[in-house]
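Chemist: need the 3D shape of this:
(chains A and B)
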Amino acid sequence: MNFRLILKLAAVAGIFTPISLWVGQLSYSWMPEPASAEALLVDNLFSFLTTLGTFIFLGVTGTLLYSVLFQRAGKYDESDGPPIEGNLTLEIVWTAIPLLLVVWIAGYSYKIYDEMGILGPMEHMHRGEAIAAPLVTQASPETEPIEVHARQWVWEFYYPEAGVTSTEMHLPNNTRAKLALTSEDVLHGFYVPAFRVKQDVIPGSKIDFEFTPIREGTYRLRDSQYSGTYFAAMQANVVVESPEAYQRWLKEAAANPPQPGLNPSYDEYQVKVENRENRPGWKTVLPAPAPLVNYVGS
Amino acid sequence: MTNLSIDALAPNRQEPSPGEPENWWRFFTFSTDHKVIGIQYIVTAFVFFLIGGFLAMVIRGELITPEADLVDRTVYNALFTMHGTIMLFMWTFPVLNGLANYLVPLQIGARDMAFPRLNAVAFWMVPLFGVILMASFLVPGGPSQSGWWAYPPVSLQNPTGNLINGQFLWILAVALSGISSILGAVNIVTTIIRMRAPGMTFFKMPVFCWTVAAAQTIQLFGLPALTAGAVMLLFDLTVGTSFFNPETGGDPVLYQHFFWFYSHPAVYVIILPVFGVFSELFPVYARKPLFGYHFVAISSFVITGLSAIVWVHHMFASGTPGWMRMLFMASTMLISVPTGVKIFAWVATIWGGKIKLTTPMLFALGGLDNFLFAGITGIMLASVPFDIHVNNTYFVVGHFHYVIYGAAVMGIYAAIYHWFPKMTGRMYYEGLGKLHFVLTFIGVNLNFLPMHPAGLMGMPRRVASYDPEFAFWNVLASLGGFLLGVSTLPFLLNMISAWVQGDKAPANPWRAIGLEWLVASPPPHENFDEIPTIIAEPYGYGKNEPLTAQQAALQQLASTEVA
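Modeler: Numbering: from 1, shown residues only, chains lettered A, B, ... in the order given. As a prediction, this is how the structure comes out:
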């Protein structure tokens, strides 16, 4: 009896395991192409969580479905089921298994977090030691961070060493990017989905933030912490290019005279005011005018 | 027991007790009857559910195309702020308070709540702050547009410059809601501790009462933090103090702690009573005792305890140092242990039973499966490195709508169908109920499942416009949203027509075990002619044992008569 039960359970697990592993592999395709060293780690973690989650979901849902399909009372069957009130061994087992699972998940998550070496906002006092395991080539320690200024509702980037301002972010590939995030008005969030990194920008404090781009291309930076009326329009392009192209871009941009940068929210607001838009709306905080920058971008 | 007269032993006497008139207008009065107040809560909350749902459908209408083209951005921001606020403070909390109000005294063998007048006051504050909240649509500048979190500094910006603005009314309404909930919590917790019938020890109490007690305990320790935070925000907004305003030296992140210290546990205030509903319904419709009753009951309070130490997981991307991220990741994951205990216990209860797929059972099963899915994505969100990617994206929106709609609202529907005969004395229409279930279950999954891939791809929440790459998933979600709107129609039709002209309900149409099923449907004003004495655990299905001493005496009497 017990042996047959174990055999049955093993057979079910034998069906669910490959399905779970397959879904876990599939999960890599649910996110944007990874473009940072951190993204690779996060995707591995997500795949692991998806595999485990799929197995649990199938196990519980499968059991419920079996009951609902095959253990129904007949139309006129008014009898009761067996009066089983519990089973202490079983209850201890199903308390212990989730406990072990979460210890496993938390341990694995901690390891990944450690490898990512994300700088939290409170750690910029003792920078360096928080970077547990640098992933790729370190930028030389004396590199000044790129300043990211957030305001309602435009991103502005300042490269202090080259003296360049821009409304498009450029980063050298395979180099640890160092940013200093500041906000002039409300909370904003620095979020590039392709990099899998995110950090709230908090007015009144300067937050150091690091990650490592590993794939050339153009990605989208989005505001991730709700910031008011034109929140959704507060986006910018992030261009990852070879270190040589990056240096060339810095040099060319530095030679450009300042001009108004990109500012979709301000443009949208102007169109609305001039066209006397007929959709009713309420009074909004006015969008900041476009900053003067050396490089506008797209 | 020998001195009991046989007349007093009869469990379902039909004649109503003298007292309040059984008129329809008693539902519009300052009644102190917990049953009237329970129904007042449920019906009022449902009206707000329809309003909040209408706002959600306008939101989904805006999001069916990538551009911000249906409503102005300020209107969109007001819509999602009010949708969230109404659904939490005006629908889920009041409707669950309504269920607790109606059921707890009946289930523990009390004639009413401990403080009937306080009970009525707590209820009548709901329409009051409801009107205040809705009035914000009429003031210059419109309702609050800072999201239901009302994070400063956005919530302090006040573009009109008026003293009475949407954000002001919002804070006032939320603070009043907090006071109403504290009054309700004091009442319910006192009732459960002090008013239990003789013999009703804690371990003979139905799990619904356990979970309600656990949930209301959270209200007692959590709400003061939120209310204090709201008052400080109000001062910052109106008289220019600087608790949270960074321009004058305040700390905006501090507000987030005040807010989430209550507002994360609030999720357990919502889901715990729904766990109670599941625990009541599965034994009835599977005809088996609740598996591991003691574990299920105690795990409710384990959840209460853990719920107090997880709030920072909402702030993994805010100003949170690494050690705090790791600590709150661990505490958040731990909460899956007592929750897992409950899920396994329900599955074991259903397993090998004699299952009847009535409407309440279907809603409970659907709710359980949705909750399982939400629990798995919840563990994923607890994992800091993954959360940093999906924090504030549609992945989170999908996750908590699976909890709130997929599990909690479906569990509430299950409860309403299950206890409808008891509350109204009428039977609902099974066919309409099943139609309602099918539409709701498909609607929930069509609406909220596509939000997960949209979030994984990087679509932030609260956006009025988005990049075209997210369009496919948003079209699906919008269709699901409209289907959920349609799903309320068979429910309304069912409830109204059944209440007016449905078949008369017997005292115990489901052959369920519980004190509420021993009295007539609807119960007489005083609930019990004679307070019962409880002699058995609450889920004796298949054991054929009496629940109360009175039943036992009757059975003995019947057997001696036969002999």
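Chemist: mean confidence (pLDDT) on the helix or strand hosting B:Ser279, please.
Modeler: Secondary structure assignment for B:Ser279, by DSSP states H and E: helix B:265-286. Mean pLDDT, taken over the full extent of helix B:265-286, equals 96.
Chemist: so how far is it from its chain's centroid?
Modeler: Helix B:265-286 has its average C-alpha position 9 Å from the chain's average C-alpha position, going by Cα atoms, centre = their mean, to the nearest Å.
Chemist: what's it packed up against?
Modeler: Applying 3 or more Cβ pairs under 8 Å, 6 or more residues apart in numbering or on different chains; DSSP states H and E, one finds that helix B:265-286 contacts helix B:93-108, helix B:207-238, helix B:293-307, helix B:336-350, helix B:359-382, helix B:410-424. Glycine gets a C-beta too; all of them are placed from N, C-alpha and C.
Chemist: can you say which of the ones you listed is packed in most?
Modeler: Stretch with highest mean neighbour count among the helices and strands packed on helix B:265-286: helix B:93-108 (a mean of 27; mean count of other Cβ atoms under 10 Å in any protein chain shown).
Chemist: could you check the angle that one makes with helix B:265-286?
Modeler: 50 degrees (axes from the mean of the first three to the mean of the last three Cα atoms, to 10 degrees).
Chemist: what's helix B:93-108 packed up against?
Modeler: Using 3+ Cβ pairs under 8 Å, 6+ apart, helix B:93-108 sits against helix B:34-63, helix B:116-135, helix B:166-194, helix B:207-238, helix B:265-286, helix B:410-424.
Chemist: B:Pro143 contacts B:Ala78, correct?
Modeler: Yes - with contacts defined as Cβ atoms under 8 Å, B:Pro143 counts as touching B:Ala78 at a distance of 4.5 Å.
Chemist: got the CA coordinates for the helix holding B:Ser279 in CSV?
Modeler: The C-alpha coordinates for helix B:265-286 follow below in CSV (Å, rounded to 0.1, in the frame of the first residue of the first chain):
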residue,chain,number,x,y,z
PRO,B,265,-0.1,44.0,7.2
ALA,B,266,-3.4,45.4,5.8
VAL,B,267,-3.1,42.8,3.1
TYR,B,268,-3.3,40.2,5.8
VAL,B,269,-6.3,42.0,7.3
ILE,B,270,-7.9,41.3,4.0
ILE,B,271,-6.7,37.8,3.2
LEU,B,272,-7.0,36.3,6.7
PRO,B,273,-10.8,36.4,6.9
VAL,B,274,-10.8,35.0,3.4
PHE,B,275,-8.7,32.1,4.7
GLY,B,276,-11.4,31.7,7.3
VAL,B,277,-14.0,31.5,4.6
PHE,B,278,-12.1,28.8,2.8
SER,B,279,-11.7,26.9,6.0
GLU,B,280,-15.5,27.1,6.6
LEU,B,281,-16.5,26.2,3.1
PHE,B,282,-14.3,23.3,2.1
PRO,B,283,-15.4,21.0,4.9
VAL,B,284,-19.1,21.7,4.1
TYR,B,285,-18.8,21.0,0.4
ALA,B,286,-16.3,18.1,0.6
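Chemist: spatially nearest residue to the residue in chain A that chain B sits nearest to, not counting backbone neighbours?
Modeler: Nearest to chain B in chain A, going by Cβ to the nearest Cβ, is A:Pro193, at a distance of 2.5 Å. Spatial nearest neighbour of A:Pro193, excluding adjacent residues (Cβ to Cβ, 6 or more residues apart in numbering or on different chains): B:Gly458 at 2.5 Å.
Chemist: now swap in B:Val390 and tell me
Modeler: Excluding its sequence neighbours, the residue lying closest to B:Val390 (Cβ to Cβ, 6+ apart) is B:Gly455, at 5.3 Å.
Chemist: now that neighbour, what's its secondary structure?
Modeler: helix (DSSP: H, G, I helix; E, B strand; the rest coil).
Chemist: ok, it touching B:Val396?
Modeler: Yes - shown here, B:Gly455 and B:Val396 form a contact pair, counting by Cβ under 8 Å, at 6.6 Å.
Chemist: identify the contacts common to those two.
Modeler: B:390, B:461 (Cβ atoms under 8 Å, 6 or more residues apart in numbering or on different chains).
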